[in-house]
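[1] got a predicted structure here, sequence first:
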Amino acid sequence: MVKSLVLRGVGAGALAGLIAFIFARIFAEPVIQAAIEYEGARDDARNAIAAAAGQAVDPAEADIFSRTVQANIGIGVGVILFGVAMGALFAVVYSLAWGRTGRQTPRQLSLLVALAGFVTLYLVPFVKYPANPPSIGHPDTIADRSGLYLVMVLGSVVAALVAVWAGQRLAERLGNWNATLVGIACFIVLVGVLMAALPSLGELRTNVEQYGNLATETPQPLRNPAGTIVLGGFDADLLYRFRLYSLGAQALLWAVLGLVFAPWAERVIGKSDRTTSPVAETVA
């Protein structure tokens with residue numbers, strides 16, 4: 001049964017990834033193009049300042065793939081493969097959760113797992129380290145940023161597991177409703193402590209040395225040696241739109257995954273009141 005659920009999870013994830021890609025291609029891609037154009041303009045302005053001062057100018061780097069390939073095949077394949085991976089993970093978590101989370105129907109559990117996946121794997125890390133378009137982020141901080149984001153994701157998952165464990169332990173004493181509220185509160189407290197402990201991206205050493213003590217890596221106005229602004233900072237509206245569309249694409253992916261997987265899981269598990277986990281059943 002687990003194999004059947006995983007195959008359906010992969011299929012649902014591929015469809016969810018395709019729909020998320022269509023959304024991102026329509027809404028997010030124009031914002032990405034505008035961010036790339038800003039990045040090019042900033043590089044040109046920086047090189048002009050360096051040339052005026054008699055300094056060496058950094059040569060332009062050739063793109064391996066054209067923007068057309070990146071905007072269509074690149075992002076399309078990436079999002080669909082991400083959907084496939086999340087679909088497989090979703091199905092495994094669903095198999096583990098079935099029979100261990102009360103008397104939800106297969107469809108209800110599918111929606112709950114999708115909501116938990118969206119909140120745990122994306123929304124919570126997004127609150128601390130929101131998505132950024134090209135031109136935001138110093139190249140020397142890529143490893144640090146990736147590491148911090150991974151820590152935030154892992155911490156969110158651990159907090160969710162602790163919250164579920166606490167809720168199950170308190171269910172008999174407090175009742176399901178109150179125990180669920182306690183579990184949610186536990187999750188919020190744990191991720192809140194983790195967010196407070198982790199540094200903001202602007203506090204990374206490279207950023208502090210080059211840009212000062214700022215909260216983010218968002219490019220500030222570029223000035224020449226005389227202090228005159230030659231290029232404005234990154235457009236705040238553009239940044240807002242990119243983050244909004246990124247959030248929307250992820251929400252759409254997880255919603256489609258949960259909604260599509262729900263009837264497929266029901267066909268595999270059946271409409272009976274079985275409470276045995278597919279994983280436990282397979283092992284047995």
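    Right, received. Where do you want to start? Note that the coordinates shown come from a computational prediction; the quantities given were computed from them, not determined experimentally. Residues are numbered from 1 along each chain as shown.

[2] so where is the chain shaky, pLDDT-wise?
    Within the chain, the stretches with pLDDT under 70 are 60-67, 71, 102, 271-284.

[3] the strands in it, which residues?
    Remark: strands assigned in the chain by DSSP state E are 222-223, 229-231.

[4] tell me the strands beside the shortest one, with direction?
    To tie it back to what came earlier, the one meant is strand 222-223. Looking at strand 222-223 with DSSP bridges, its partner strands are strand 229-231 (antiparallel).

[5] quick one: the strand it pairs with to chain centroid distance?
    Taking C-alpha atoms, centre = their mean, to the nearest Å, one finds the center of strand 229-231 at 33 Å from the center of the full chain.

[6] and if you look at stretch 253-262?
    Distance of stretch 253-262 from the chain centroid (C-alpha atoms, centre = their mean) equals 16 Å.

[7] now it: buried residues?
    Buried residues in stretch 253-262, counted by 16 or more other C-beta atoms under 10 Å: 253-258, 260-262. All C-beta atoms are positioned from the backbone trio N, CA, C, and that covers glycine.

[8] who touches N72 in this structure?
    Each residue near N72 by C-beta atoms under 8 Å, 6 or more residues apart in numbering is listed here: R25.

[9] domain map for this structure?
    Using automatic domain parsing, the domain parsing of the chain gives 2-136+232-283, 139-217.

[10] can you tell me which of those is most buried?
    Ranked by mean neighbour count, the domains of the chain are led by domain 2-136+232-283 with a mean of 17 (mean count of other C-beta atoms under 10 Å).

[11] and the spatially closest residue to Q220 that is not a sequence neighbour, how far from V113?
    Distances taken as C-beta to C-beta, 6 or more residues apart in numbering put G233 closest to Q220, at 4.8 Å, once the chain neighbours are dropped. As judged by C-beta to C-beta, to the nearest Å, G233 and V113 stand 41 Å apart.

[12] on that earlier part again, could I get the strands of the chain as a markdown table with mean neighbour count?
    Formatted as a markdown table, the strands of the chain follow (neighbours: other C-beta atoms under 10 Å):
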| stretch | mean neighbour count |
| --- | --- |
| strand 222-223 | 14 |
| strand 229-231 | 14 |
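
[13] dump those into TSV; add distance to S146 as well.
    Converted to TSV, those look like this (distance: least, C-beta to C-beta, whole Å):
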stretch	distance to S146
strand 222-223	26
strand 229-231	28
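
[14] indicate which one of the ones you listed is closest to Y149.
    Evaluated over those, closeness to Y149 peaks at strand 222-223, with 26.9 Å, by C-beta to C-beta.

[15] how about residues contacting that closest one?
    42, 45-46, 49, 229-232.

[16] out of these, who's nearest G76?
    R42 (28.0 Å).

[17] what's the distance between that closest one and P130?
    As for R42, its distance to P130 is 21 Å (criterion: C-beta to C-beta).

[18] show me the helices in the chain, by range?
    Along the chain, the stretches classed as helices by DSSP state H are 2-23, 29-52, 67-69, 75-97, 106-118, 124-128, 142-174, 176-197, 205-211, 236-269, 278-283.

[19] distance from the chain centre to the second one, please.
    Shown here is helix 29-52, whose average C-alpha point lies 26 Å from the average C-alpha point of the whole chain (C-alpha atoms, centre = their mean).

[20] report all helices and strands that it contacts.
    Helix 29-52 sits against strand 222-223, strand 229-231, helix 236-269, with contacts defined as 3 or more C-beta pairs under 8 Å, 6 or more residues apart in numbering; DSSP states H and E.

[21] what of the fifth one?
    In this structure, helix 106-118 packs against helix 75-97, helix 236-269, with contacts taken as 3+ C-beta pairs under 8 Å, 6+ apart.

[22] put together JSON lines for those, with distance to L7 on each row.
    Formatted as JSON lines, the helices and strands packed on helix 106-118 follow (distance: least, C-beta to C-beta, whole Å):
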{"stretch": "helix 75-97", "distance to L7": "8"}
{"stretch": "helix 236-269", "distance to L7": "9"}
